[in-house]
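**Student:** can't give you the sequence, but here's the structure:
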């Protein structure tokens, strides 16, 4: 939305297609026209319902993040692809856009429609995921594969497993979804495509991320980091929240996103740790944003020192409970000392922008990788839903509040976040470059309609190695030939040296024998 707003300020017409009324919810984006996609289409696949039914109830399933991802993707593909593609098609026929800007996550219809209509397309996503990079460097991996994000200090066995075995397991697991996806594509006349990453290999991908948060690597020119994308305006504190923060100078902010669902036992453990931290005078306040949590089910919890009903009804002076909270305003307040979060990208960026250390409870998806990246950056510690322990929470909160290195690293990344937040204008610039390229590189079909070939549109940005193939692109043939040449030369020289040695040895041996024969015998 920030990039769209910049493009509108530059004179472009922008239309948002989304299932919820986003533009009306913010003064910043109220001028962006939106086509609200019928909720009936999206209600057929309810991610929160699926998460509750499978991801958060099946213990074995909970521990296999790759299976979670494949499971949710399968539901999206089989139920939403065709109706969503048709809705996009109707919108496109009405407004005739010059360029598609597609959010990446499970949004195959957007990329496929742009490809079929010959419209230039740019992808945007929140992080440089392992699954988005065509040829990821071997030292980068993903917790969804059961591997650390950074393989730098891993053993040979783990590096072998994560470089070869785990990616093959991902391809094998994703193959069924890919078959289903191509079946859905056929229903709307889109040609099959067998890359599990979708039609993004040769298009511009914008990443809402930055070095410092991400593990450094050399990326293709088609992969551009433009984050952290921050809004120019954020909602301010309500009078109640402002008063709470003013009177509680050591406050923890606790929020677990929109889709994450915590079990009653996890909530009880977290609240119990808060109460003990307050009792020990480590902190004096907690702001708890319950978001979409069903707090009615929490009323029966008894594993806390204070009645849950007292806490939820805001009758306990040290904990303020609110359904939704102006997160950025809370994090920017000097009395907010720590953020307990699920590790979503937006939440992580807002915490870094305000130099707040984080205690992270990752649940699914990219949160797992984000948690590891933030811990490696020295601004966070992790806790796990599978072995959540009150004493562990208390210990890690104390470390984050008292150890200076966390505060120092938070200040270091704050500077990077603020500097890089200006790059959203770079994102808008890049989109204009793609539009201008399409104007000059496009062609007209038999009906005279301008079209582009997205596979070749940005040919100047596509590195030659991708066209040369894996062997030639990585110069394996050259290095192989060099090795063979060295081995052949070495073998030849060794053979010649052996022959020379044998010749001189034989000659020396012959001389010795002749001398022995010619020597006079003694009486």
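**Tutor:** Now that the structure is in, tell me what you want to look at. Because the structure is predicted, anything quoted here is derived from the model rather than measured.
**Student:** Please report how far residue 117 lies from residue 358.
**Tutor:** 43 Å (Cβ to Cβ, to the nearest Å). (Glycine included, C-beta is placed from N, CA and C.)
**Student:** Give the residue from these two that has the larger number of neighbours.
**Tutor:** The residue with more neighbours, out of residue 117 and residue 358, is residue 358; 27 against 18, by other Cβ atoms under 10 Å.
**Student:** what sits against the more buried one?
**Tutor:** Taking Cβ atoms under 8 Å, 6 or more residues apart in numbering, we find residue 358 in contact with 338-341, 343, 348, 351, 374, 379-381, 400.
**Student:** who's it bridged to?
**Tutor:** residue 339, residue 380 (DSSP bridges).
**Student:** State the distance from it to residue 213.
**Tutor:** Distance from residue 358 to residue 213, by Cβ to Cβ: 12 Å.
**Student:** Which of the three states applies to residue 135?
**Tutor:** Assigned by DSSP: H, G, I helix; E, B strand; the rest coil, the conformation of residue 135 is coil.
**Student:** how many neighbours does it have?
**Tutor:** By other Cβ under 10 Å, 12 other residues sit near residue 135.
**Student:** The protein: strands as residue ranges?
**Tutor:** 16-18, 34-36, 100-103, 121-125, 204-207, 223-225, 251-255, 285-289, 319-322, 336-341, 358-360, 380-382, 443-444, 450-451 (DSSP state E).
**Student:** Which elements pack onto the first one?
**Tutor:** Other helices and strands packing on strand 16-18, by 3 or more Cβ pairs under 8 Å, 6 or more residues apart in numbering; DSSP states H and E, are strand 34-36, helix 65-95.
**Student:** now the last one, how far from the chain's geometric center?
**Tutor:** Here the centre of helix 65-95 is set off from its chain's centre by 20 Å, with Cα atoms, centre = their mean, to the nearest Å.
**Student:** And it, what does it pack against?
**Tutor:** By 3+ Cβ pairs under 8 Å, 6+ apart, helix 65-95 packs against strand 16-18, helix 39-43, helix 47-50, helix 59-62, helix 108-117, helix 166-187.
**Student:** 7 Å instead, please
**Tutor:** Helix 65-95 sits against helix 39-43, helix 47-50, helix 108-117, helix 166-187, with contacts defined as 3 or more Cβ pairs under 7 Å, 6 or more residues apart in numbering; DSSP states H and E.
**Student:** Only the buried residues of stretch 137-153, if you could.
**Tutor:** By neighbour count on 16 or more other Cβ atoms under 10 Å, the buried set for stretch 137-153 is 139-151.
**Student:** residues making contact with that stretch?
**Tutor:** Contact with stretch 137-153 is made by 65-66, 69, 129-131, 154, 159, 162-163, 166, 170, 215, 217, 368-369, 372-373, 376, as judged by Cβ atoms under 7 Å, 6 or more residues apart in numbering.
**Student:** and with 6 Å instead?
**Tutor:** 65-66, 69, 130, 159, 162-163, 166, 215, 217, 368-369, 372-373 (Cβ atoms under 6 Å, 6 or more residues apart in numbering).
**Student:** what does stretch 12-30 give?
**Tutor:** Under Cβ under 6 Å, 6+ apart, the answer for stretch 12-30 is 1, 4, 7-8, 32-37, 42, 91, 95, 233.
**Student:** cool, stretch 118-130 as well?
**Tutor:** Contacts of stretch 118-130 (Cβ under 6 Å, 6+ apart): 99-104, 111, 114, 136, 141-142, 200, 203-209, 214, 345, 366, 431, 434, 438, 451-452, 454.
**Student:** for stretch 343-353, same thing?
**Tutor:** 126-127, 228, 257, 328, 331, 339, 341, 358, 360, 362, 367, 370-371, 413, 417.
**Student:** rerun that using 7 Å as the cut-off
**Tutor:** Contacts for stretch 343-353 (Cβ under 7 Å, 6+ apart): 126-127, 208, 213, 227-228, 230, 257, 327-328, 331, 339, 341, 358, 360, 362, 366-367, 370-371, 374, 379, 413-414, 417-418, 421.
**Student:** What of stretch 326-334?
**Tutor:** By Cβ under 7 Å, 6+ apart, stretch 326-334 touches 234-237, 241, 245, 253, 255, 287, 336, 339, 347, 350-351, 354, 356.
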